[in-house]
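Engineer: After the sequence you'll find the predicted model.
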Amino acid sequence: MVISVLTTMACDNELDLVSDWKEIPVLYGFLSRSDSAQYIRVEKAFLDPTTSAFVIAKNPDSLYFQDAIVQLEDLTTGTRVNLTRVDGTLEGYPRAPGIFATSPNYLYKIKTDEAKIFGDREYRILVSAPDGRLITSSSTRVVGDHTFSFSSPPEKITFLYDNSINIGWRSNENTAFFYDVTMRLHIQETVSGGSGPEEVVLDWPIEKNILRGTSKNISTFVPGISFYQLLASKLEAKANVSRKFLYIEIQIDAGGKEIYDFLAVGQANSGITGAEYVPSYSNIENGFGLFSSRYSLVGNNYTLSDQSLELLKNGIYTQDLNFN
């Protein structure tokens with residue numbers, strides 16, 4: 001998930017390191033109707049003139065607010081629901097090793113059906129102290145449901161060297177701002193004399209940052225030849241390995257404008273001609289971080305046509321990979 005990527009903040013060379021000790025709220029979260037539960041990370045950052053930030057980062061007591069109350073508010077109805085603090089590691093979201101303490105790994109959770117999240121509605125996250133003092137808040141509109149366009153692509157996909165396939169999807173909601181498209185290729189490999197077949201999964205990024213525009217129908221095209229070129233670059237030809245192509249997953253990730261702006265700011269000054277100072281994007285009141293929405297549409301019933309299987313077995317790019 002994106003949660004694992006967005007758990008640290010870049011250092012700002014302009015911070016006043018000799019100011020009084022101060023705690024700054026840091027919040028990351030993405031509301032998603034396609035997930036079974038919603039997770040919000042709430043932490044503290046520090047300015048301390050007497051202690052190294054690397055020392056502070058290793059102390060869990062310095063990372064988390066004690067007894068914080070985290071609520072999600074539907075700004076259409078005014079209804080608020082409380083999130084429960086959980087250990088993200090036990091939930092299947094371990095914190096990546098680094099300068100920050102990894103245990104405990106606190107997140108705030110609520111099941112999606114309890115949160116009653118609707119597409120195109122605006123929601124606000126609130127973090128308060130036990131005495132009712134508001135620590136920080138942020139709001140976002142929720143990306144609604146999406147579906148694949150009818151027969152685009154068909155259940156049996158034909159990749160030819162001289163054609164392109166169309167991947168199409170649509171939605172009646174108005175919040176999604178951009179899309180990433182990924183194909184996930186599932187392949188069975190059997191080693192002669194080995195213990196048995198094993199499944200290999202290859203992620204194939206098709207296109208990123210496709211802007212939504214005003215249309216309810218969105219699509220992208222994939223050159224057929226690139227399918228075989230990808231397999232040739234990712235799989236090693238071995239005489240004792242036979243392969244069988246199983247199926248394809250297609251995943252469409254829709255993101256809110258805040259995510260797009262966050263990524264755009266991070267890339268704006270990168271490269272050899274970039275500015276010396278790289279600004280950071282935040283939409284968190286009196287703090288840092290990112291609160292937005294996303295939606296993942298996944299289809300996994302796609303197989304290859306007979307023409308594609310024949311090219312996979314005998315084509316110039318993949319004939320040495322022992323597909324059968």
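Structural biologist: Nice, I can see it.

Engineer: partners of residue 124 in the sheet?
Structural biologist: Here residue 124 sits in beta bridges with residue 73, residue 139, as judged by DSSP bridges.

Engineer: Apart from its neighbours in sequence, what residue is nearest residue 185?
Structural biologist: residue 202 (4.4 Å; Cβ to Cβ, 6 or more residues apart in numbering). C-beta here means a position set from N, CA and C on the backbone, and glycine is covered the same way.

Engineer: List the contacts of the closest residue to residue 164 other than its chain neighbours.
Structural biologist: Ranked by Cβ to Cβ, 6+ apart and with sequence neighbours excluded, the top spatial neighbour of residue 164 is residue 221, at 4.4 Å. Neighbouring residues of residue 221 by Cβ atoms under 8 Å, 6 or more residues apart in numbering: 164, 165, 166, 167.

Engineer: Strand partners (parallel or antiparallel) of the helix or strand encompassing the last one?
Structural biologist: According to DSSP states H and E, residue 167 maps onto strand 164-170. When pairs are called by DSSP bridges, strand 164-170 turns out to pair with strand 147-148 (antiparallel), strand 217-223 (antiparallel).

Engineer: next one: it to chain centre, how far?
Structural biologist: 21 Å (Cα atoms, centre = their mean, to the nearest Å).

Engineer: after that strand comes which helix or strand?
Structural biologist: Immediately after strand 164-170, counting by DSSP H and E, sits strand 178-191.

Engineer: and the angle from that following strand to strand 217-223?
Structural biologist: Interaxial angle, strand 178-191 versus strand 217-223 (axes from the mean of the first three to the mean of the last three Cα atoms, to 10 degrees): 40 degrees.

Engineer: buried set for strand 178-191?
Structural biologist: 178, 179, 180, 181, 182, 183, 184, 185, 186, 187, 189, 190 (16 or more other Cβ atoms under 10 Å).

Engineer: Pull the contacting residues for the fourth one.
Structural biologist: Meaning residue 181. Contacts of residue 181 (Cβ under 8 Å, 6+ apart): 167, 205, 206, 207, 208, 210, 220, 250, 251, 252, 253.

Engineer: Hmm, residue 104 is touching residue 87, no?
Structural biologist: Yes. Between residue 104 and residue 87 there is a contact under Cβ atoms under 8 Å: 5.3 Å.

Engineer: burial count for residue 288?
Structural biologist: 20 (other Cβ atoms under 10 Å).

Engineer: need the contact list for the nearest residue to it once chain neighbours are set aside.
Structural biologist: Leaving aside its chain neighbours, residue 288 sits nearest to residue 282 (4.7 Å; criterion: Cβ to Cβ, 6+ apart). By Cβ under 8 Å, 6+ apart, residue 282 lies in contact with 288, 289, 290.

Engineer: and the first one, what are its bridge partners?
Structural biologist: Right, residue 288. residue 26.

Engineer: where are the low-confidence patches of the protein?
Structural biologist: 1-22, 46-58, 99, 267-279 (pLDDT under 70).

Engineer: Emit the ChimeraX select command for whichever of the contacts of residue 181 are buried.
Structural biologist: The following ChimeraX line selects those of the contacts of residue 181 that are buried, judged by 16+ other Cβ under 10 Å:
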select :167,206,210,220,250,251,252,253
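
Engineer: Grab the two from the contacts of residue 181 that are most spread out in space.
Structural biologist: 208 and 250 (14.7 Å; Cβ to Cβ).

Engineer: Could I get the full set of strands for the stretch 101-250 of the chain?
Structural biologist: Ranges of strands in the stretch 101-250 of the chain, per DSSP state E, counting those that start in this stretch, are 106-111, 122-128, 134-141, 147-148, 156-157, 164-170, 178-191, 198-211, 217-223, 241-255.

Engineer: Output the last one as PDB, nothing but the C-alphas.
Structural biologist: Spelled out, that is strand 241-255. Written as PDB, here are the backbone C-alpha positions of strand 241-255 (Å, rounded to 0.1, in the frame of the first residue of the first chain):
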ATOM      1  CA  VAL A 241      12.900 -24.800 -17.000                       C
ATOM      2  CA  SER A 242       9.500 -25.100 -18.700                       C
ATOM      3  CA  ARG A 243       6.800 -22.400 -18.400                       C
ATOM      4  CA  LYS A 244       3.100 -22.100 -18.700                       C
ATOM      5  CA  PHE A 245       1.300 -18.700 -18.900                       C
ATOM      6  CA  LEU A 246      -1.600 -18.700 -16.300                       C
ATOM      7  CA  TYR A 247      -3.400 -15.400 -16.400                       C
ATOM      8  CA  ILE A 248      -3.200 -11.600 -16.200                       C
ATOM      9  CA  GLU A 249      -4.400  -9.100 -13.600                       C
ATOM     10  CA  ILE A 250      -5.100  -5.600 -14.600                       C
ATOM     11  CA  GLN A 251      -5.100  -2.900 -11.900                       C
ATOM     12  CA  ILE A 252      -6.300   0.600 -12.300                       C
ATOM     13  CA  ASP A 253      -5.300   2.900  -9.400                       C
ATOM     14  CA  ALA A 254      -7.200   6.100  -9.200                       C
ATOM     15  CA  GLY A 255      -5.900   9.000  -7.000                       C
END
